[in-house]
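K.L.:
give me a 3D structure for the following:
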Amino acid sequence: MALPWLLLLELLLYGGCFICGIVTAASVTLTQGSFDGKCMLYGSVHLNFSSIEVVSSSSPSLCYFVSSISVCVAVFCFSLVLYWIYTSWVDREVMIREKLWLKITLGMCGVFLFFLLVTGCILRIGRDRLCDSVNQVVTAITRCEEAQNKPWVNPIDGTQFYSRLHSAETAVWVNFFFWMIIAVLVLIQQKTGSENRSAETDPSATPSETEPFFNRPGRPQ
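P.N.:
Below is the predicted model:
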């Protein structure tokens, strides 16, 4: 069975959102693990002889929040893709989405867009605060990513902290962009469905003309 092309494009975008969510959650989790469980968003460092040492860090719940939002988006997208694939094999008919479900999907788009916007801002501002601290104390570097090649005080492993946070932020904004496209596709499907239902209903037809021919009730004798 062939899926409607708008729904097929929507499912492809869900797949992209799933990948972005996994990338964000994995990058933030790995960064937190390499800093001994500390959440370095909005964190600060100082130079301990020739090694970089962490002075302050954010609450771990901040990184957990970012990871949780990304995981929730990924699980939702994965579930939707599986649902429509299963439905396409079971029904064997061209699927028509009800107006109610389109409204629910549109509402979920709004929710995810809000939380992804918040998550993207947290990653961007938090990483910039950390980089400002790194650039101030390590005068031998001109860019934050160069600090990845500098020694860090054990048990901190800062070899990929910038690359991972940058990947997490990029994945969030790509995810945000995908959800904007999904919202537009849902609106188009909602409008198209309304137009189709209006075209199928002929207001000039009498009730007897719209009744099924073989299922008309029997007339009284």
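K.L.:
now H46, what are its backbone angles?
P.N.:
phi -150, psi 170 (degrees, to the nearest 10).
K.L.:
quick one, helices of this protein?
P.N.:
5-34, 60-91, 99-137, 161-200, 207-210 (DSSP state H).
K.L.:
roughly how far is the third one from the heart of the chain?
P.N.:
Going by Cα atoms, centre = their mean, to the nearest Å, the spacing between the C-alpha centre of helix 99-137 and its chain's C-alpha centre is 9 Å.
K.L.:
same check, this time on the second one
P.N.:
For helix 60-91, the gap between its own C-alpha mean and the chain's C-alpha mean amounts to 9 Å (Cα atoms, centre = their mean).
K.L.:
any weak-confidence spans in the chain?
P.N.:
Along the chain, the model assigns pLDDT under 70 to residues 1-3, 91-97, 193-221.
K.L.:
list the contacts for the closest residue to T31 other than its chain neighbours?
P.N.:
Of all residues beyond its chain neighbours, the one nearest T31 is R164 (4.5 Å), with distances taken as Cβ to Cβ, 6 or more residues apart in numbering. Glycine gets a C-beta too; all of them are placed from N, C-alpha and C. Contacts for R164 (Cβ atoms under 8 Å, 6 or more residues apart in numbering) come out as 27-28, 30-31.
K.L.:
of those, which is the most crowded?
P.N.:
V28 (29 neighbours; other Cβ atoms under 10 Å).
K.L.:
and it, how far is that from M40?
P.N.:
Applying Cβ to Cβ, to the nearest Å, the value for V28 to M40 is 10 Å.
K.L.:
returning to that earlier point: highest average neighbour count across the helices of the chain?
P.N.:
Mean neighbour count (mean count of other Cβ atoms under 10 Å) peaks for helix 5-34 among these, with a mean of 20.
K.L.:
so which other helices or strands are in contact with it?
P.N.:
strand 39-48, helix 60-91, helix 161-200 (3 or more Cβ pairs under 8 Å, 6 or more residues apart in numbering; DSSP states H and E).
K.L.:
can you show me the CA trace of stretch 154-168 as PDB?
P.N.:
In PDB, the C-alpha atoms belonging to stretch 154-168 read as follows (Å, rounded to 0.1, in the frame of the first residue of the first chain):
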ATOM      1  CA  ASN A 154      42.000  14.300  36.800                       C
ATOM      2  CA  PRO A 155      39.500  12.700  36.700                       C
ATOM      3  CA  ILE A 156      38.200  15.300  34.100                       C
ATOM      4  CA  ASP A 157      38.600  14.300  30.500                       C
ATOM      5  CA  GLY A 158      38.000  17.400  28.400                       C
ATOM      6  CA  THR A 159      39.300  16.100  25.100                       C
ATOM      7  CA  GLN A 160      36.000  16.400  23.300                       C
ATOM      8  CA  PHE A 161      33.800  18.600  25.500                       C
ATOM      9  CA  TYR A 162      33.400  21.400  22.900                       C
ATOM     10  CA  SER A 163      32.800  19.000  19.900                       C
ATOM     11  CA  ARG A 164      30.100  17.100  21.900                       C
ATOM     12  CA  LEU A 165      28.300  20.200  23.100                       C
ATOM     13  CA  HIS A 166      28.500  21.700  19.600                       C
ATOM     14  CA  SER A 167      27.000  18.500  18.200                       C
ATOM     15  CA  ALA A 168      24.200  18.500  20.800                       C
END
